[in-house]
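Enquirer: turn this into a structure:
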Amino acid sequence: MDALLKFITCGSVDDGKSTLIGHMLYDAKLIFTDQERALELDSRVGSRGGEIDYSLLLDGLMAEREQGITIDVAYRYFTTECRSFIVADTPGHEEYTRNMAVGASFADLAVILVDASQGVLTQTRRHTRICSLMGIKHFVFAVNKMDLVNYEKVRFDKIRKNIQVLLAEFDYKTAVMIPVSATEGDNITSKSDRMPWYGGRPLLTYLETIDVKEDPAETGFTMPVQRVCRPNHTFRGFQGQIESGSVSVGDRLTVLPSGETAEVASIYQGCDAVQESSAGRAVTIQLDSEIDVSRGCVLVKQTEELISTMFAATILWMDDRKLMAGKSYLLKIGTQKVPATVMKIKYKIDVNSGEEVYADTIYKNEIAHCEISVASKIVFDRFKNNNALGSLILIDRISHMTSACGVVEYALNRGDNLTWHDMDITRDFREKQLGQRAKTIWFTGLSGAGKSSLANELEKCLALEGRHTMLLDGDNVRMGLNKNLGFREHDRIENIRRIAEVSKLMNDAGLIVLTSFISPFIQDRRNAREIIGDAFVEVYVSTPLEECEKRDVKGLYKKARSGRIDNFTGVSSPYEPPENPEIVIDTSNGTLEECVREVMEQLEKFL
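Expert: Numbering: from 1, shown residues only. Prediction:
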């Protein structure tokens, strides 16, 4: 049995999580005298008519005390004669589910509270699923507020059956149900005389004695490299935490994803040289040969980690903005951080029934099964085999907020048998043959801004100079290559992705490509820039909305204003102006010829 138990309290709002832990600390004499006095004074102006409000021991934020709810995760450290504990008291409000998920990510056991007067609620089910998703295998369901139902055994038995049905969906090792009253202290630190029908142990006694130690599924050595230590020219060490197995001086390690090998020359724990080290230790490892190792690489021995660019994952979506297939994020697994795209949403999981439900859009606090593609090969493992290399987060590339957390389910091998073939006739050869530098000139702006007219006239000017070009127009492409796409957001994302891939291929052919698309979202244009690379030249046609609407060449604005066109950019859907375009042109400030001349002058330095 581990001497330290890390556990989380969770459940629906107002189920009594903070009160439960507060009463436990108070009854077990695990708070200081000044804390006890402060608690008694604070309780005089609380919501319990002067009686002690035990939740105040954990709810420290002013907003938490005013509203009587938990908002942020509160960590408490305490020790009894039998064991040391770290508890994360997490919020029950659906709005703060992401905070609860953070607490669950560190815990070995979950204490899930259920209000005896209300039973198992939607948020109770959601929290149970999140705990299971985060790898928690040990559960305690504390059926709280038994004092409100007169300590009835019938009521407890009914809730216990509902919990057993819920647990049938999950892979767990231990699960107990304990009837408690957090405010009155029943079955918290000692057995309650009010419930003689309960023959089990009180909550604190159970927590002191449960064994949560597990044999690791991964026995081989793995250490994600967090930092390269180079204090002088004679020493080059690789720092990180050992996630599984052990390592000794003289062991031969493999560096992933490169596959190079080298022997361990020395191992340091802090400043002390040691002969060996094991899981959980932060170490610096020096190898006997100079091979390429950097942050994000993984040092392994006697294990077979997965190396691929595609995998399936189950994620908890935590962003206020919805998730749709085709969106690009930053993916973090271990110490690796790479651009990634959610290629496909296979289904979402119904919180109440656990059923797999078809969905092409995922909203905040929903759990979904997705297929993810990354920009380069990464090292990972199934979460059940290796927590560190099987857990992930998705980061919004604009706001840098954490959009999702999740776990790797399995690798997708679709791309493993594909190899990019480098041809003898390269882009450089074709550019020299054609006497030009291949570029993609990406026109973006509102409908009616003048993109197509500018691109058409610009192509004619380039052709007169003897340049070889190809113009891709939004309407023309949608009538062919992208005729199967609509105008919903995920269709627009895929539309831009395909155009970027086509443009890149045409650049490889040595051509100058001109594209005319509204492409309203910064992230989509950023993705296009990454696909196309250095050949990308962004031209922002900044003609104001008022001028575009006056022109209304196709009558689209009129239809959009009357409600006959949904998701029309500038009216019912936003346009996000470029942040740092290479060229900016406002077609309302001059004739078409003058605008083309201005663009041509600015393009010279790129062509």
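Enquirer: now do the end-to-end distance for stretch 504-515.
Expert: For stretch 504-515, the separation between the terminal residues is 12 Å (CA to CA, to the nearest Å).
Enquirer: mean confidence for that stretch?
Expert: Regarding stretch 504-515, the rounded mean pLDDT is 95.
Enquirer: give me the distance between the residue of the chain positioned farthest from its centre and Gly450.
Expert: Farthest-out residue of the chain from its mean C-alpha position, per CA atoms, centre = their mean: Leu464, at 50.2 Å. The spacing between Leu464 and Gly450, counted by CB to CB, to the nearest Å, is 20 Å. Bear in mind the C-beta positions are built from the backbone N, C-alpha and C, glycine included.
Enquirer: ok, Asp89 next?
Expert: Remark: distance between Asp89 and Gly450 (CB to CB) = 58 Å.
Enquirer: Glu208 now?
Expert: As judged by CB to CB, Glu208 and Gly450 stand 74 Å apart.
Enquirer: who has more neighbours, those two?
Expert: Shown here are Glu208 and Gly450; by other CB atoms under 10 Å, Gly450 has more neighbours (24 against 16).
Enquirer: and the gap between the more buried one and Glu546?
Expert: Separation of Gly450 from Glu546 (CB to CB) stands at 14 Å.
Enquirer: check Glu593 too.
Expert: Glu593 is 23 Å from Glu546, by CB to CB.
Enquirer: cool, Arg126 as well?
Expert: Noted for Arg126: a distance of 46 Å to Glu546, by CB to CB.
Enquirer: can you list the low-confidence ranges for the stretch 201-350 of the chain?
Expert: 217-218 (pLDDT under 70).
Enquirer: the same query, at a cut-off of 80, please.
Expert: Applying pLDDT under 80 to the stretch 201-350 of the chain flags residues 214-219.
Enquirer: which residues of it fall in strands?
Expert: 221-224, 227-232, 235-241, 246-248, 252-256, 260-269, 272-274, 276-278, 282-287, 298-301, 306-317, 323-324, 328-333, 336-349 (DSSP state E, counting those that start in this stretch).
Enquirer: Ser105 is nearest to which of these?
Expert: Ser105 sits nearest to strand 306-317 of all the strands of the stretch 201-350 of the chain, at 10.4 Å, using CB to CB.
Enquirer: who does that closest one pair up with?
Expert: Applying DSSP bridges to the sheet, strand 306-317 is found paired with strand 367-380 (antiparallel), strand 402-411 (antiparallel).
Enquirer: so for Phe7, which of these sits nearest?
Expert: It's strand 402-411; of the strands paired with strand 306-317, that one is closest to Phe7 (CB to CB) at 19.1 Å.
Enquirer: what's the angle from the closest one to strand 336-349?
Expert: Strand 402-411 and strand 336-349 are oriented at 80 degrees to each other (axes from the mean of the first three to the mean of the last three CA atoms, to 10 degrees).
Enquirer: in whichever helix or strand comes after strand 402-411, which residues are buried?
Expert: Next helix or strand after strand 402-411 toward the C-terminus (DSSP states H and E): helix 427-434. Residues Arg427, Arg430, Glu431, Leu434 are the ones in helix 427-434 that count as buried (16 or more other CB atoms under 10 Å).
Enquirer: out of those residues, the closest to Val264 would be?
Expert: Arg427 (43.1 Å).
Enquirer: next one: that closest one from Leu511, what distance?
Expert: Distance of Arg427 to Leu511, computed by CB to CB: 10 Å.
Enquirer: joint contacts of those two?
Expert: Residues touching both Arg427 and Leu511 comprise Ala438, with contact defined as CB atoms under 8 Å, 6 or more residues apart in numbering.
Enquirer: compare Arg126 and Glu546 (neighbour count), which wins?
Expert: Neighbour totals were compared for Arg126 and Glu546, and Arg126 leads with 23 against 8 (other CB under 10 Å).
Enquirer: which residues touch the closest residue to the more buried one other than its chain neighbours?
Expert: Spatial nearest neighbour of Arg126, chain neighbours left out: Val351 (4.9 Å); criterion: CB to CB, 6 or more residues apart in numbering. Applying CB under 8 Å, 6+ apart to Val351 gives the contacts Thr122, Arg125, Arg126, Arg129, Glu366, Ile367.
Enquirer: and for Val539?
Expert: Val539 makes contacts with Ile441, Trp442, Phe443, Thr444, Leu454, Pro581, Glu582, Ile583, Val584, Ile585, Val599, as judged by CB under 8 Å, 6+ apart.
Enquirer: so which of those belong to strands?
Expert: Residues of those located in strands (DSSP state E): Ile441, Trp442, Phe443, Thr444, Ile583, Val584, Ile585.
Enquirer: and which of the residues you listed is nearest to Gly570?
Expert: Thr444 (12.7 Å).
Enquirer: would you confirm that that closest one contacts Phe521?
Expert: No - if you go by CB atoms under 8 Å, Thr444 and Phe521 don't touch, sitting 9.9 Å apart.
Enquirer: so those two - more neighbours on which side?
Expert: Remark: of Thr444 and Phe521, Thr444 carries more neighbours, 28 against 21, as counted by other CB under 10 Å.
Enquirer: dig out what the more buried one forms beta bridges with.
Expert: For Thr444, the beta-bridge partners under DSSP bridges are Tyr540.
Enquirer: tell me the contacts of it?
Expert: Thr444 sits next to Lys451, Phe517, Ile518, Ser519, Pro520, Arg525, Glu538, Val539, Tyr540, Val541, Pro578, Pro581 when contact means CB under 8 Å, 6+ apart.
Enquirer: can you give me the buried ones in the helix or strand hosting Lys161?
Expert: Lys161 belongs to helix 153-167 when assigned by DSSP H and E. For helix 153-167, a neighbour-count test (16+ other CB under 10 Å) marks Arg155, Phe156, Ile159, Arg160, Ile163, Leu166, Leu167 as buried.
Enquirer: just stretch 241-260 next, same as before
Expert: Residues of stretch 241-260 classed as buried: Ile242, Glu243, Ser244, Gly245, Val247, Val249, Asp251, Leu253, Thr254, Val255, Leu256, Pro257 (neighbour count, 16+ other CB under 10 Å).
Enquirer: try stretch 121-129
Expert: By 16+ other CB under 10 Å, the buried positions in stretch 121-129 come out as Leu121, Gln123, Thr124, Arg125, Arg126, His127, Thr128, Arg129.
Enquirer: then it to PDB, C-alphas only?
Expert: Output of stretch 121-129 as PDB, limited to C-alpha atoms (Å, rounded to 0.1, in the frame of the first residue of the first chain):
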ATOM      1  CA  LEU A 121     -27.700  13.500 -11.900                       C
ATOM      2  CA  THR A 122     -26.300  14.300 -15.300                       C
ATOM      3  CA  GLN A 123     -23.200  16.000 -13.900                       C
ATOM      4  CA  THR A 124     -22.700  13.000 -11.600                       C
ATOM      5  CA  ARG A 125     -22.600  10.800 -14.700                       C
ATOM      6  CA  ARG A 126     -20.300  13.200 -16.500                       C
ATOM      7  CA  HIS A 127     -17.800  13.400 -13.700                       C
ATOM      8  CA  THR A 128     -17.800   9.600 -13.400                       C
ATOM      9  CA  ARG A 129     -17.000   9.300 -17.200                       C
END
